[in-house]
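Chemist: After the sequence you'll find the predicted model.
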Amino acid sequence: MYEGNSVDLQMEKVISADVIFDDAARHCQVFKYDLEDDYIYLQLKEDDLTTISLDAKYQCYISTKRELLYCTGAVRERFQSEHGSMIVFKIENGFYSVSEIKRPMKRKLGADS
């Protein structure tokens, strides 16, 4: 359904006192969407898997050809596979459409920006 679409994943809040809050956007791609169980399997594109915490809530923005979708949830699993760095994200409370692209994301600017 959303396979191949770009995703920005950003920490919303920490669950454990041992976790350091990190508001950097992590760039991913939807590998698989499990509609029945509300899981999104994401392929992490840039960072090391250890930058993704299992003890935090995340905001997930999915860019489709027609709209920007938003959901919140938690990372249930992270692992390396033959497809790369994979994240299993559990969606809470479904998707919402974002009418304006005013994401609270901090993006790294390139040297030529």
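Modeler: Done, it's in.
Chemist: Quickly run through the sheet partners of the helix or strand hosting residue 27, with directions.
Modeler: For residue 27, the host element (DSSP states H and E) is strand 26-34. In the sheet, strand 26-34 lines up against strand 6-14 (antiparallel), strand 39-44 (antiparallel) (DSSP bridges).
Chemist: Give the buried residues for it.
Modeler: 26-31, 33 (16 or more other Cβ atoms under 10 Å). For every residue, glycine as well, the C-beta is placed using N, CA and C.
Chemist: TSV for these, including distance to residue 66?
Modeler: As requested, those are exported to TSV (distance: Cβ to Cβ, whole Å):
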residue	distance to residue 66
26	24
27	20
28	20
29	18
30	15
31	21
33	16
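Chemist: For residue 87, see how far away the residue lying closest to residue 32 once chain neighbours are set aside is.
Modeler: Closest residue in space to residue 32, ignoring its immediate chain neighbours: residue 41 at 4.1 Å, by Cβ to Cβ, 6 or more residues apart in numbering. Going from residue 41 to residue 87 by Cβ to Cβ, to the nearest Å gives 7 Å.
Chemist: residues touching the nearest residue to residue 22 once chain neighbours are set aside, list them.
Modeler: Once flanking residues are discounted, residue 22 sits nearest to residue 11: 5.3 Å by Cβ to Cβ, 6+ apart. Going by Cβ atoms under 8 Å, 6 or more residues apart in numbering, residue 11 touches 21-24, 53, 56-59.
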